[in-house]
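Colleague: quick one: sequence plus predicted model below, questions after.
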Amino acid sequence: MFRLAPWKVASILALVFCAALLLVPSFLAPATVAAIQARLPSFVPVRPITLGLDLQGGAHILMEVDTPSVVKTQVETLRDDVRAKMREGKISISGGIAMQPRGVVVRIADSAERARALPLLQSLNQPVGGALTGATGRSLDVSDTGDGAIQLQLTDVAINEKIRRAVTQSIEVLNRRLNGAGTKETNVQQQGADRILIEVPGLQDTTKVKELLGATAKLEFRLVGDPGDPPSEVEQLPQVQGGGTIPVQKQVMVAGEDLVDAQPSFDSRTGEPDVNFRFNLRGGQRFGQVTSENVGRLFAIVLDGKVISAPRILGPITGGSGQITGNFTVEQADNLAVLLRAGALPAKLTVVEERTVGPGLGQDSIEAGKRAAYVGGALVVVYMLTTYGIFGVFADIALAVHILFIFASMALLGATLTLPGIAGIVFTIGMAVDSNVLIYERIREEAHLGRTVISSLDAGFKRAFATIIDSNVTMFVAAVILYLFGSGPVRGFAISLGLGILTSVITAVTMTRMMIALWYRNRRPSVLPI
Amino acid sequence: MKLLRLAPENTKFGFMRFRRVSYPLSAFLSIVAVVMFFTVGMNFGIDFAGGTQVELRAKSGVADLAAIRAKGDGLGLGPVEAQRLGAQSDVMLRVKVQSGGETGEQTAIAKLREAFSDAYEFRSVDAVGPRVSGELVQSGTLGVVVAILCVLAYLWFRFEWQFAVGAIIGTMHDLLLTVGFFSITQLEFNLTSIAAILTIVGYSLNETVVVLDRIREVMRKYKRLSTAEIVDMSVNAVLPRTIMTATTVFLALLALFFLGGDVIRSFSAAMIWGIFVATYSSIFICSPMLIYLGVRADAVDRSGESEAATTAKAKV
């Protein structure tokens, strides 16, 4: 009836031992852990339990790709493409190209020319998406409006694809920026369709990081406008130094994409901080060509639509390198160099959520959580002891193993422990003994019906089992849903609740059963002690 | 050793007679909860209302609330709520969601830092933009609904439909009373409150399932008894376990409430309330529901046969 295979006892003990081993790294210094990791093969899970940002302190910043700006850039590109096509086909645009929220309209009065323009414009329509993204389609809807104009509309597929690419590119750029600035252990990951989550442990004042993350860092070298330039080719841009605006040509000589390196340094003559940069071959040639054609003119270094400086071209610059001066502080020069090296963001990013926890509060939360766990655990342990005597001892041992298993599985899964996670563990301490209570109460009931000790024990375990499963499944479902729909620290609660339910069922059913079987074999009691 | 027994043994309380009291009482409380929700409303935290919240600690001495309010109101961020947190040196500041679109919160943080970082340490900063908070409301509500549907499906699969309906009515009852609790106490309702609600739903169903499980078992054994008698017998049988488990969970939550810190106090308070409500509803709401829904022994018996067959197979 109440058999106990030696291999079962051995495997349970082995499991407990493994769980204890899994937790060893969490008690060691990080350097020791790294040393052990280096000596063992990578599949051995030597990992300390990670503390959430709410416990170790740090910043959580959620940024969103600004969809309107992505669409606007795309519409502008489309306008330029259309203009180029019309020039190529020598078609005169009578009414110009009108920009719409999601496309452009080209007015061509002459119907023969319009008929000729249509296939040319159709050629702009490219297939987008691929097997990986699932959604495939064309980039444009090209149609004749019927009143002397052709309309080109961006499709949803094209816009979504653009946003998807903007997000992946932004993640790369942000990673490069954070690494370049020497920020350690940052985590940058996509969240949802158009969001990026940045987690920086230990960071308190987010102002600087947000400056680093938020700057688009679009660098352009353009010529400063001459009075002789046509007005449509020139725009007024604000100047960083001295305020006011300066006329700058719309055409870009060389763009930031052609930079291969940027380093902060000091101006050899004035000793002021500046940024040295180097172009790639294409950028170097183009820069050399433009500067040799325009000796004596001013050129503007434009960053994110603002003119940093507008030096005079003293002679052809053919070396493919140069420097940017602009009354920088050392820090500003450092930052600018990092931004230029990391490249420009493909779209504007806005911070939509920000949460920072200082190390003091995190430490306080850890202390409070520990205290609650110790006291809560002690209360439950004592209560079980006074209610069930020796069986209470078994339940308490099972409870201790349950807690060991929760932490061990968190270490194994690489799960993060948060403050709500600690609350979840404390809650499961109260909940874990429920399976024991169900079993014990059932055993008592069976004994009251006049069964022998061994048959009460057997029936108690057997009958309580179905109830334990049914009642815990409902709780587990709640935990899974919470994990799927929850965010941040609340997920930590869902993890410890879910793991706690699993481990409590395992420990209550198997461990308690084993202990009671051993106890029965040694004592052969004639009366149940509960 | 004399063992402690909180629950009297071999009770024969006529729980089902109480349904004439418990149903009107619960109906009344549920209506109060709904009315409170729509009139007084909830004290939504920034997770759901959006806005900026910072926790400050005075670098020296006691935090001067009046001065903080005066300075805060002068920042042009709308009214600045300030309240003391536990220690005399700690203050929580809260600013409503700003009108300047998604970047409004960023401006608010910058202004608050500028105004207070000389004299105060910033222990935590939370800023949630209007769009994110809207989504959090959506996913929170959706989570609760999906959880209830999943559990309903499971119960339907494992029990008769009457049991599932009884369990869901009990869960809705607990949900309403918990919402009412938040509305009456004006405890801050935030993301952890959603966690509390879902855990209460889980606990409530756990309680209900234990009772229903026993009802099903007793129903198979005593086919002659009336449903009311069966339910009474079952509730009495599981009563010691119900009291025992409610007590252990209550003890754990009590420790969490008093020692777990400010961040999870409202969570612990709601959970403690939920444990009581869930225990009450599993006995006085769900179980009597079976009498009205007319569950019959022969309906239960059919599934019992197949279960008996599987047990028989397992024995071979």
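Modeller: Happy to help now that I have it. Quick caveat, the model's predicted, so the values are computed rather than measured. Numbers count the residues shown, from 1 in each chain, chains lettered A, B, ... in the order given.
Colleague: C-alpha only now, for contacts and for neighbours.
Modeller: OK.
Colleague: how about residue B:125, what does it touch?
Modeller: Residues near residue B:125 by Cα atoms under 8 Å, 6 or more residues apart in numbering or on different chains: A:354-357, B:52-55, B:109.
Colleague: no wait, residue A:140
Modeller: A:124-126, A:152-155, A:158.
Colleague: distance between stretch B:167-177 and the chain's centre?
Modeller: 10 Å (Cα atoms, centre = their mean, to the nearest Å).
Colleague: helix or strand: which one has the spatially most central residue of chain B?
Modeller: Closest to where the C-alpha atoms of chain B average out (Cα atoms, centre = their mean) is residue B:197, at 3.1 Å. Using DSSP states H and E, residue B:197 falls within helix B:191-221.
Colleague: so that helix, near chain A or not?
Modeller: Yes: counting by Cα under 8 Å from any Cα of the partner chain, chain A is contacted by helix B:191-221 at B:191-192, B:195, B:198-199, B:201-203, B:205-207, B:209-210, B:213.
Colleague: by neighbours, which of the contacts of residue B:125 wins?
Modeller: Neighbour counts for the contacts of residue B:125 (other Cα atoms under 10 Å in any protein chain shown) peak at residue B:52, which has 29 neighbours.
Colleague: is it correct that it is in contact with residue B:103?
Modeller: No: taking Cα atoms under 8 Å as the definition, residue B:52 is not a contact partner of residue B:103, at 11.8 Å.
Colleague: just checking, what packs against the helix holding residue B:197?
Modeller: Here helix B:191-221 touches helix A:453-485, helix A:489-506, helix B:130-158, helix B:161-185, helix B:227-259, helix B:265-281, helix B:287-293, helix B:297-315, going by 3 or more Cα pairs under 8 Å, 6 or more residues apart in numbering or on different chains; DSSP states H and E.
Colleague: can the second one be said to contact chain B?
Modeller: Yes: legend: contact between helix A:489-506 and chain B by Cα under 8 Å from any Cα is shown at A:490, A:493-494.
Colleague: OK, contacts around the residue nearest to the centre of chain B?
Modeller: B:144, B:175, B:178, B:270-271.
Colleague: and residue 294, what pLDDT?
Modeller: By default, I'm working from chain A. pLDDT recorded at residue A:294 is 87.
Colleague: oops, wrong one, chain B.
Modeller: 76.
Colleague: give me the number of residues near it?
Modeller: 10.
Colleague: hang on, the earlier thing: between the helices and strands packed on helix B:191-221, which one is nearest to residue A:275?
Modeller: Residue A:275 lies closest, by Cα to Cα, to one member of those: helix B:130-158, at 38.3 Å.
Colleague: near chain A at all, the closest one?
Modeller: Yes: shown here: helix B:130-158 in contact with chain A (Cα under 8 Å from any Cα) through B:131-132, B:139-140, B:142-144, B:146-147, B:150-151, B:154.
Colleague: any of those buried? List them.
Modeller: Buried by 16 or more other Cα atoms under 10 Å in any protein chain shown: B:132, B:139-140, B:143-144, B:146-147, B:151, B:154, out of those.
Colleague: give me every residue that touches residue A:72.
Modeller: Residue A:72 touches A:101-102, counting by Cα under 8 Å, 6+ apart.
Colleague: host element of it?
Modeller: If you go by DSSP H and E, residue A:72 is part of helix A:67-88.
Colleague: just checking: what are the partner strands of whatever helix or strand comes next after that helix?
Modeller: Once helix A:67-88 ends, the next helix or strand along the chain (criterion: DSSP H and E) is strand A:97-100. Sheet pairing of strand A:97-100 (DSSP bridges) gives strand A:103-107 (antiparallel).
Colleague: okay, and the beta partners of the residue sitting nearest the centre point of chain A?
Modeller: For chain A, the residue sitting closest to the mean C-alpha position, by Cα atoms, centre = their mean, is residue A:189 at 2.4 Å. Note on residue A:189: beta-bridge partners by DSSP bridges are residue A:197.
Colleague: measure residue B:285 to residue A:300 for me?
Modeller: When Cα to Cα, to the nearest Å is the yardstick, residue B:285 and residue A:300 sit 77 Å from each other.
Colleague: run through the chain and note the low-pLDDT ranges.
Modeller: In the absence of a named chain, this looks at chain A. Along chain A, the parts satisfying pLDDT under 70 run over A:1-3, A:94-95, A:129-136.
Colleague: hmm, I had chain B in mind actually
Modeller: Short version for chain B, where the test is pLDDT under 70: B:1-2, B:7, B:296-316.
Colleague: so what are the domain limits for it?
Modeller: As recorded under automatic domain parsing, the domains making up chain B are B:15-43+B:133-308, B:51-128.
Colleague: what's the closest of those domains to residue A:443?
Modeller: domain B:15-43+B:133-308 (11.6 Å).
Colleague: wait, what's in contact with residue 261?
Modeller: Went with chain A since none was named. By Cα under 8 Å, 6+ apart, the neighbours of residue A:261 are A:277-279, A:340-341.
Colleague: correction: the question concerned chain B.
Modeller: Here residue B:261 is in contact with A:365, A:368-369 (criterion: Cα under 8 Å, 6+ apart).
Colleague: out of those, which end up buried?
Modeller: By 16+ other Cα under 10 Å, these give A:365, A:368-369 as buried.
Colleague: filter the residues you listed by proximity to chain B?
Modeller: Among those, proximity to chain B is found for A:365, A:368-369 (Cα under 8 Å from any Cα).
Colleague: select from these every entry located in helices.
Modeller: A:365, A:368-369 (DSSP state H).
Colleague: how's chain A carved up into domains?
Modeller: If you go by automatic domain parsing, chain A breaks into A:6-57+A:359-523, A:67-160, A:219-326.
Colleague: so which of these is the most surrounded?
Modeller: Across the domains of chain A, averaging neighbours per residue (mean count of other Cα atoms under 10 Å in any protein chain shown) puts domain A:6-57+A:359-523 on top, at a mean of 20.
Colleague: end to end, how far does it reach?
Modeller: From its first residue to its last, domain A:6-57+A:359-523 covers 18 Å (Cα to Cα).
Colleague: flag every residue of the stretch 251-400 of chain A that's near chain B.
Modeller: Residues of the stretch 251-400 of chain A lying near chain B (Cα under 8 Å from any Cα): A:350-361, A:365, A:368-369, A:371-373, A:375-377, A:379-380, A:383, A:386-389.
Colleague: for chain A, what are the nearby residues on the stretch 1-150 of chain B?
Modeller: Residues of the stretch 1-150 of chain B lying near chain A (Cα under 8 Å from any Cα): B:1, B:3-5, B:102-103, B:106, B:110, B:122-129, B:131-132, B:139-140, B:142-144, B:146-147, B:150.
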